[in-house]
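Visitor: Sequence first, then the predicted structure, then my questions.
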Amino acid sequence: MSRARFIHCLWLLIVVAVCFFTFSPFPSSMAQAASSTAPSTPTLDAVNVEIDYTYGKELTLHAGLLLTPQNNENSTIKEAFLFLQLEGDAEAQQTSIQLKQADSSTQWEVSYQRLLAKQPIPPFTHINYWFGALLDDDGLVVSKLSSFDYIDNRYTWQSMEANFVKVYWYEGNIQLAQEVYHSTLETLTRAKELLDITSPSSLNIYLYAKEQELQSALQLGGVKSAFENKDPALQVILLSFPSESNQPRQLLRILLHQRLGKSYSNLPYWLNEGLAAMLELYPEAQAKVLIQKAYQRSTLIPFEGLCRSFPQDTSGSLLAYAQSASFLQYLSREQGKDALERLVQSYTQEAHCERGFEKTFGVSLKQMELRWQKDTFSNKLTPEEEARQPYWLFLLAALILIPLLSGVMLGVLRNRE
């Protein structure tokens with residue numbers, strides 16, 4: 001047999017074998033046999049779910065759990081669980097819940113109560129939940145995922161929506177919501193001029209009529225401030241009217257998190273807050289007064305100490321805020337318009353505050369801070385310099401006046417002679 005004929009026959013055998021195993025009923029029958037011998041698992045469904053809550057006080061949940069057996073095998077639920085996962089949380093909260101047999105042998109009733117004063121939930125949080133059941137054979141089954149929104153239901157909210165922004169309010173008219181909407185777009189435009197960022201896919205803004213009412217909502221939600229309230233991934237902003245000063249800070253947080261993801265936590269406080277101050281159009285004259293006084297008193301805060309936190313007291317926080325804005329303005333002016341963009345990009349790969357800075361500009365944070373001080377206070381004296389100034393003036397005057405007076409006195413004496 002020739003070599004070519006042998007190869008032809010070999011290919012023919014391969015084609016026949018492939019066709020046989022592809023179209024033969026043998027594999028499917030094996031699969032059916034395997035499925036018939038595999039252990040069956042009941043399904044768990046949540047029915048007639050009722051969720052009720054009073055914001056900041058109590059949340060209750062009632063539901064029926066329907067256990068559907070497979071292959072006519074009866075199972076019993078020994079213990080039931082509720083899983084609650086607040087949006088932005090990495091893990092769900094697991095709670096054992098009350099279980100009661102219903103009339104049907106395959107249905108149980110469950111209930112859950114949460115005292116929100118002891119276990120607060122941040123306002124306007126999206127919550128996923130599902131049920132789990134431990135069976136008599138120690139098997140575990142879970143229901144499908146469901147969800148609800150935890151809103152401040154002490155008020156009746158109205159809403160308007162345009163593009164990706166949705167504004168909620170409960171007092172006033174739609175004109176107020178429109179003003180907030182346009183202000184948000186203006187802030188977004190300024191942010192895009194500073195950094196390479198895109199608009200969020202959605203943005204929910206809740207507008208409280210008074211600052212006290214906003215603070216009450218935050219307190220009942222277990223948070224200190226609107227800025228600390230939300231995971232930026234949630235894309236929610238809380239404001240009070242007429243004070244809306246936190247809007248740029250909250251919006252920038254959302255925009256940066258959208259771009260950086262997990263790397264967002266690498267950003268130093270002075271960078272995050274300084275960018276927000278630039279978006280707020282922070283009164284430049286007031287900022288200059290703050291940092292000028294601090295310079296004169298030698299109380300400027302080293303930026304190395306502002307990497308992971310800001311001072312807790314109001315005066316210290318304002319000074320850190322003003323310093324950060326002035327420092328970033330200096331960087332943008334001296335290192336180029338893309339300086340802040342390069343700095344943000346650097347922190348996507350570097351979590352260390354000082355190393356990230358040095359990788360961006362080639363000098364240490366401390367060295368750049370000294371340059372900023374020299375540029376900002378070039379014609380100003382520090383307190384130490386001011387304290388030494390009269391002394392040097394006295395010496396200078398003495399060096400000039402003593403010879404002069406000596407010459408005058410000698411001249412007088414000679415005239416008398």
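Guide: Ah, there it is. Residues are numbered from 1 along each chain as shown.
Visitor: wait, doesn't Ser199 sit right on Leu185?
Guide: No. Taking contacts as C-beta atoms under 8 Å, Ser199 lies outside contact range of Leu185: 9.0 Å. C-beta here means a position set from N, CA and C on the backbone, and glycine is covered the same way.
Visitor: Alpha carbons only: can I get stretch 82-102 in CSV?
Guide: The C-alpha trace of stretch 82-102 is given here as CSV (Å, rounded to 0.1, in the frame of the first residue of the first chain):
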residue,chain,number,x,y,z
LEU,A,82,-32.0,35.2,56.9
PHE,A,83,-29.1,36.8,54.9
LEU,A,84,-29.0,40.6,54.6
GLN,A,85,-26.3,42.2,52.5
LEU,A,86,-26.2,46.0,52.5
GLU,A,87,-25.0,47.3,49.2
GLY,A,88,-21.3,48.1,49.4
ASP,A,89,-20.7,45.4,52.0
ALA,A,90,-18.4,42.6,51.0
GLU,A,91,-20.2,40.0,53.1
ALA,A,92,-23.8,39.3,54.1
GLN,A,93,-25.1,39.4,57.7
GLN,A,94,-26.5,36.0,58.7
THR,A,95,-29.2,35.8,61.3
SER,A,96,-31.1,32.8,62.7
ILE,A,97,-34.8,33.5,62.4
GLN,A,98,-38.0,32.2,64.1
LEU,A,99,-39.5,29.2,62.4
LYS,A,100,-43.0,27.9,62.6
GLN,A,101,-44.7,25.0,60.8
ALA,A,102,-47.6,26.1,58.7
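Visitor: Give me the contacts around that stretch.
Guide: Applying C-beta atoms under 8 Å, 6 or more residues apart in numbering, the contact partners of stretch 82-102 are 61, 64, 77, 79-81, 108-112, 121-122, 125-132, 142, 230-231, 233-234.
Visitor: What are the buried residues along it?
Guide: Leu82, Phe83, Leu84, Gln85, Leu86, Glu87, Ile97, Leu99 (16 or more other C-beta atoms under 10 Å).
Visitor: For the residues you listed, give me CSV that also has distance to Lys359, pLDDT and secondary structure.
Guide: Converted to CSV, the buried residues of stretch 82-102 look like this (distance: C-beta to C-beta, whole Å; pLDDT from 0 to 100; DSSP: H, G, I helix; E, B strand; the rest coil):
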residue, distance to Lys359, pLDDT, secondary structure
Leu82, 47, 97, strand
Phe83, 42, 97, strand
Leu84, 42, 97, strand
Gln85, 37, 96, strand
Leu86, 36, 93, strand
Glu87, 34, 87, coil
Ile97, 51, 93, strand
Leu99, 57, 89, strand
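Visitor: Mind picking the two most distant members of these?
Guide: Maximum pairwise distance in these, criterion C-beta to C-beta, is 27.5 Å, between Glu87 and Leu99.
Visitor: backbone phi and psi for Ser159, please?
Guide: Main-chain dihedrals, Ser159, degrees, to the nearest 10: phi -150, psi 150.
Visitor: For the nearest residue to it once chain neighbours are set aside, name its beta-bridge partners.
Guide: Nearest non-adjacent residue to Ser159, counting by C-beta to C-beta, 6 or more residues apart in numbering: Tyr168, 4.8 Å away. Here Tyr168 shows beta-bridge partners Ser159, Tyr206, assigned using DSSP bridges.
Visitor: From Val223, how far out is Tyr168?
Guide: Separation of Tyr168 from Val223 (C-beta to C-beta, to the nearest Å): 18 Å.
Visitor: Neighbour count for these two, which is higher?
Guide: More neighbours surround Tyr168 than the other of Tyr168 and Val223, with 21 against 17 (other C-beta atoms under 10 Å).
Visitor: check contacts around that one.
Guide: Each residue near Tyr168 by C-beta under 8 Å, 6+ apart is listed here: Trp157, Gln158, Ser159, Ala177, Asn204, Ile205, Tyr206, Leu207.
Visitor: With Ser346 instead?
Guide: Taking C-beta under 8 Å, 6+ apart, we find Ser346 in contact with Gly356, Phe357, Lys359, Thr360.
Visitor: If I look at it, what pLDDT would I see?
Guide: Here, the pLDDT recorded for Ser346 equals 95.
Visitor: Name the helix or strand for the residue lying closest to it once chain neighbours are set aside, please.
Guide: Spatial nearest neighbour of Ser346, excluding adjacent residues (C-beta to C-beta, 6+ apart): Thr360 at 4.4 Å. Counting by DSSP states H and E, the element that carries Thr360 is helix 353-361.
Visitor: Tell me how far that helix lies from the chain's centre.
Guide: Between the centre of helix 353-361 and the centre of its host chain there is 22 Å, according to C-alpha atoms, centre = their mean, to the nearest Å.
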